[in-house]
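# predicted model and sequence below, questions to follow.
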Amino acid sequence: MTMAVRHAAVAGLFYPAEARELRRMVERLLAEAPQPEGPPPKAIVAPHAGYVYSGPVAATAYARLAKSGGGIKRVVLLGPAHRHPLYGLATHSAQAFETPLGLVPLEHPGTVRFMDAAHLREHSLETQLPFLQVALGDFHLVPIVVGEASAEEVADVIDALWGGEETLIVISSDLSHFHDAPTARKLDRAAADEIVALRAEALGYDSACGRHALAGLLVSLRNRGLRLECIDLRNSADTAGDPDRVVGYGAFVTPSSSSV
């Protein structure tokens, strides 16, 4: 019986298409990131642009998983729907997602509908997978794209899939888009302050492209008495881009004391 696979859509565009080159790049980015002690976070927020732009910031978050010891076996990954109109949340009916580094088996949540079209060319989830594959090795993925949805609706799904220490929650989101670098830094600092304060209601259209998924996480954390901290805040001018038209990136994690 042939396995149903969602094949990589942005390999060679957002990240290298050749497996050895991709692994070397991700390993280098992770090695260059700070390597803190302590258990892995329960939830992280990481950006999803081309690796040359957002990879160093994403690596800051994923480096926190390096000492997970194989304890994380399930990743609930939520990100925005950039290319397909969507109301609510949608998962994929495939049995696995593919990247140049191999197949990631899927787990299908009964509380989220299938809509394969919303995943067809979507990069917000796919760009997270090579980092997860290198940092974690083997794991099962629950992939969810988020369209127009309330923070409470997203939080309900996150809560239903929360699990224990075996489950990691990942939110894929960039921050401000296409301002000059000084303006972006002000906007992203303000957005980061709202995110750390768990003020879901303060996230607007200009705050983050993954604001609906992110707002749901903030509501879930707030209800559980957990926190987020900002561990990296940069933009594409800080990494490899034009300072006149930048995209903002932030890395956020639950502190180690809040990891369960």
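Yes, it's here.

# from here on, just use CA atoms for contacts and neighbour counts.
OK.

# looking at this, Lys85 is in a helix?
Careful, residue 85 is Pro and not Lys. No: under the criterion used here (DSSP: H, G, I helix; E, B strand; the rest coil), Pro85 is coil, not part of a helix.

# tally of neighbours for Ala4?
Neighbourhood size, Ala4 [other Cα atoms under 10 Å]: 11.

# now do Arg245
Arg245 has 16 neighbours, counted by other Cα under 10 Å.

# excluding its backbone neighbours, what's nearest it?
Once flanking residues are discounted, Arg245 sits nearest to Phe178: 4.5 Å by Cα to Cα, 6 or more residues apart in numbering.

# what distance do you get for that neighbour to Glu165?
Between Phe178 and Glu165 the computed distance is 38 Å (Cα to Cα, to the nearest Å).

# and Leu29, by the same measure?
25 Å.

# what's the neighbour count on Ala31?
Using other Cα under 10 Å: Ala31 sits among 14 other residues.

# nearest the geometric middle of this protein, what residue?
Among the residues of the chain, Ser172 comes closest to the average C-alpha position under Cα atoms, centre = their mean, at 2.6 Å.

# give me the more crowded residue out of Leu29 and Glu165.
Between Leu29 and Glu165, Leu29 has the larger neighbour count (other Cα under 10 Å), namely 20 against 17.

# and the more buried one, helix, strand or coil?
The three-state assignment at Leu29 reads helix, by three-state DSSP.

# my read: it touches Ala59, true?
Yes: at 5.8 Å, Leu29 counts as touching Ala59 under the criterion of Cα atoms under 8 Å.

# now do the helix or strand bottoming out on mean pLDDT in the chain: which elements does it pack against?
For the chain, scoring each helix and strand by mean pLDDT, DSSP states H and E identifies strand 177-179 as the least confident one, at a mean of 92. On a contact count with 3 or more Cα pairs under 8 Å, 6 or more residues apart in numbering; DSSP states H and E, strand 177-179 meets strand 246-253.
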